[in-house]
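1. sequence and predicted structure below; questions after.
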Amino acid sequence: MKDANLLVTYDPAHGGKAKEEAESLLESVGEKAEFLESDIAGLFFLRTRKDPKELTRDLRSEVEEDPEKYNYTFHWIPIDRWVRSDMSDMTKAMKDIDAKMSDDDSWKLDLSKRQYEGKSTDLIMKLTENINHPKVDLKNLQKIVKVEIVGDHAGIALLDKSELLDIPKIKGGL
């Protein structure tokens, strides 16, 4: 998991078709990713050669061209780094994210958790208290602070909104 720089959520009832779809979509932009071991249904851990943020921007163009072609993968999430999912390590990571943000950036925290018992509201409060940028905007944001908690680990990234690929949202905008 710690080697993954891209997470892909998919329909767990169609894992084989989802993997084929992911491979096909990656191939369409000239990438062949390594699928790492995952014991979590509905979540692929990938290691890409290409920068995952650049990759998701390229993939977005492919999906926007023909969104109905993509039915089994849902979210493509670049990961900057992995930390342990204890509050101390995640808090340190949020301080690093804070240092990378501009005072003019509008932002939101996007949190997903799997195999983790902590309450989402408590997590959001603890994590955001380390980001000292007042322009929180859930609709018209420039940056997404993405936290993907998977059991004992948390994947963290600071993303432009174009770097998070949300296929259902693209399809909904048709």
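-> Looks like it came in fine.
2. wait, Ser38 touches Arg47, no?
-> No. Between Ser38 and Arg47 there is no contact under CB atoms under 8 Å: 11.9 Å. For every residue, glycine as well, the C-beta is placed using N, CA and C.
3. tell me how far Lys2 lies from Arg47.
-> Distance check for Lys2 against Arg47: by CB to CB, to the nearest Å, it reads 10 Å.
4. so Ser38 and Arg47 - more neighbours on which side?
-> Ranked by neighbour count (other CB atoms under 10 Å), Ser38 and Arg47 place Ser38 first, with 17 against 13.
5. got phi/psi on that one?
-> phi -140, psi 130 (degrees, to the nearest 10).
6. which residues does the closest residue to it other than its chain neighbours contact?
-> Spatially, and ignoring its direct neighbours in sequence, Ser38 is nearest to Phe45 (5.0 Å; CB to CB, 6 or more residues apart in numbering). When contacts are counted by CB atoms under 8 Å, 6 or more residues apart in numbering, Phe45 touches 1, 3-4, 7, 35-38.
7. so the residue nearest in space to the middle of the chain: helix, strand or coil?
-> In the chain, the centroid-proximal residue (CA atoms, centre = their mean) is Ile77; its distance is 2.5 Å. Under DSSP: H, G, I helix; E, B strand; the rest coil, Ile77 falls in the strand class.
8. any idea how many residues pack against the residue nearest to it when sequence neighbours are not counted?
-> With CB to CB, 6+ apart as the criterion, Ile77 has its nearest non-adjacent residue at 4.4 Å, and that residue is Leu7. Residues lying near Leu7 (other CB under 10 Å) number 24.
9. what bridges to Leu7?
-> Using DSSP bridges, the beta-bridge partners of Leu7 come out as Phe45, Ile77.
10. thought it was touching Thr48?
-> No. The criterion here is CB under 8 Å, and Leu7 misses it with Thr48 at 11.2 Å.
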